[in-house]
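> Sequence first, then the predicted structure, then my questions.
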Amino acid sequence: MKLKFIEEKIAKGLMIVASLAVFAFVVNIIYTIFRRGLPALNWAMISQIPAGGYYNGGGGGILNAIVGSLYIVLGSTVLGLLISIPVVFYLNVYLKKDSKLAYIARLAFDVLFGIPSIVYGAFAFTIMIYLGMHTSLGGGILVITLLVIPIFIRSMDEVAQQLPKDLLDATYALGATKLETIKVVLRQIAPGIATATLLSVGRAIGDAAGVMFTAGFTDSIPTSLGQPAATLPLSVFFQLSSPNAEVQDRAYSAALILIFIVLVISILGRLITNHFSKHKI
Amino acid sequence: MKSFPYQNPTRASWAEDYSFLNKDVQKEDDQALKKSYLKVSDLDLFINKAHILKNVNLEIPDKKITCIIGPSGCGKSTLLKTFNRLIDDTEGIKYKGSIWVDGLDIFDPKTEITEIRKKMGLLSQRPCPLPMSIYDNIAFGCKMHGERNHKKLNQIVEEQLKAVGLWEEVKNRLNAPASKLSIGQQQRLCLARGLAVEPEFILADEATSALDPISSKHIEELFIELKQKYAIILVTHTLRQALRIADHVIFMYLGEVIEAGAADELFNNPKQELTKKYLEGAFS
């Protein structure tokens, strides 16, 4: 057999091994969570807030953390989109391809992308102290927004950079100003926006370090932006830190709920994306 | 009617002939030229110090098909993109001279660039429908220019689709994505989209080169039909296409207009040696 066919076989084999390794990892995580979490999961977990002594094995549930996480994800996603879409639009439509500003901005977003969330948390915490704010839902949303903006911008930007020049030209030729091309641009990069949103949601809902200082933790459901809010990752953390095995199992249930929420959001995201990207050229 | 000045040594006098543009002197026989009038004078264009267009002087007749021919890289497309200033976004672009459209200098800072572009429907090499439905592709431009009335929009969409012979093919699926159309249909849709904003010129940049022969023929026939209402400027790579449909021809070589004139005249009796060679196929 010729050498190149042997190479082909070996390369293919390695690819399969790599794919299986990743798959095994995911299955293993999900299996562990199901094995320990499913038996502890009950209706009270998702419909009640913690009763007294919950973390020592008392009754109640983690509705506070579910609602808190959803609030933070929703708030930061909406804010993040509102801030990043104009940035991406400006970078790709207004600035020329070799613009220095665009280069520096992209570099900055790459750096921000890599900053750990605890640093965002500490940074936001300093600002909150300066402003005299307490740990609150508002603070949590703020820091998670900061955290997801680089994700939003960089992943949408990757797609927007592929925007066909002809498409913009065609729009300009109809007499559009740069701003008026936004309808065309948004439709064209819709799949990118959806992917960016899914990535951001994943990061926002899973982040523990950023919200620890800023959103705090509480057993009640926040009714205003000024009140502290619990989050699922912190709920997992606190329950897992308990010496009580029953409470530890509940941590896995909480993780299960977290994964379920991410799954639902991802599926919804895909459906919405398909709807909006059917016109993509 | 004035004959259109050709790019040849005898045209020293035409600057005087058209001096009314600068002096606002109106002559009666120039009325025809007032509308859909495009004139290029002393245009030089540089991209990063490369001299792309060299002292271009031209005039585009109304309600005729003007073909710009010449070998690759001679600046045909650049010239076309200069007409509606799409070239503006190119890095390191600089120009001198002026282009007059309906008596407005398009390089004048006071001229609204969107108005100039609206006057010039653009048809690019590869069809480029907007990422919307067939209906919205046509309605987009009208909506953008303030048309909100649904009945009116429906009417415009139907009219323009009929004008490009697409209505029968798509009338039952106006809400389908434009990207689902065949490439020839897409190009006709793009033409209709341009027509919907009521242009005076149609700029076509090798508009048939990505199409199959039947679709190309369709587009060519449309051009011949549409020249009753519009001035059509077609950059083309295929000499045969120019022979088939051109009324007026501009031959460019290395950024210069070598010769321009009525198609019959230029094809049968070229005045310049270079034109003759190009037509004979000595280079392409």
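Yep, that arrived.
> which parts of chain A sit against chain B?
Contact residues (C-beta under 8 Å from any C-beta of the partner chain) of chain A with chain B: A:96-98, A:164, A:166-167, A:169-177, A:180, A:183-184, A:187-188, A:190, A:278-281. Yep, even glycine has a C-beta here, placed from its N, CA and C like the rest.
> count of neighbours near B:V56?
B:V56 has 23 neighbours, counted by other C-beta atoms under 10 Å in any protein chain shown.
> Pairing partners for it in the sheet, please.
Judged by DSSP bridges, the bridge partners of B:V56 are B:L43.
> tell me the contacts of it?
Going by C-beta atoms under 8 Å, 6 or more residues apart in numbering or on different chains, B:V56 touches B:V40, B:D42, B:L43, B:D44, B:L79, B:G97, B:E256, B:V257.
> please redo it, this time with the cut-off set to 7 Å
B:V56 is in contact with B:V40, B:L43, B:L79, B:V257, counting by C-beta atoms under 7 Å, 6 or more residues apart in numbering or on different chains.
> Leaving out chain neighbours, which residue sits closest to the first one?
With C-beta to C-beta, 6 or more residues apart in numbering or on different chains as the criterion, B:V40 has its nearest non-adjacent residue at 4.2 Å, and that residue is B:L58.
> Ramachandran coordinates for that neighbour?
phi -150, psi 160 (degrees, to the nearest 10).
> unless I'm mixing things up, it is touching B:I250, no?
Yes: when contacts are counted by C-beta atoms under 7 Å, B:L58 is listed as touching B:I250 (6.4 Å).
> between these two, which one's more packed in?
Set B:L58 next to B:I250 and count neighbours by other C-beta under 10 Å: B:I250 wins out with 28 against 23.
> Just say helix, strand or coil for B:K94.
Assigned with DSSP: H, G, I helix; E, B strand; the rest coil, B:K94 falls in the strand class.
> And it, how far from chain A?
Counting by C-beta to the nearest C-beta, to the nearest Å, the gap from B:K94 to chain A is 14 Å.
> What number of residues are in the vicinity of that residue?
Around B:K94 there are 11 residues (other C-beta under 10 Å).
> in stretch B:224-237, what counts as buried?
With burial defined by 16 or more other C-beta atoms under 10 Å in any protein chain shown, the residues of stretch B:224-237 counted as buried are B:L226, B:K227, B:K229, B:Y230, B:A231, B:I232, B:I233, B:L234, B:V235, B:T236, B:H237.
> which residues touch the fifth one?
Right, B:A231. B:A231 neighbours (C-beta under 7 Å, 6+ apart): B:S36, B:L38, B:I60, B:P61, B:D62, B:K63, B:K64, B:E200, B:F201.
> let's see 10 Å
B:35-38, B:60-66, B:119-120, B:199-203, B:248 (C-beta atoms under 10 Å, 6 or more residues apart in numbering or on different chains).
> just the helices in chain B please.
Secondary structure of chain B, counting by DSSP state H: helices at B:14-17, B:20-23, B:31-34, B:76-83, B:113-118, B:134-144, B:150-163, B:167-170, B:183-196, B:213-226, B:239-245, B:263-268, B:273-280.
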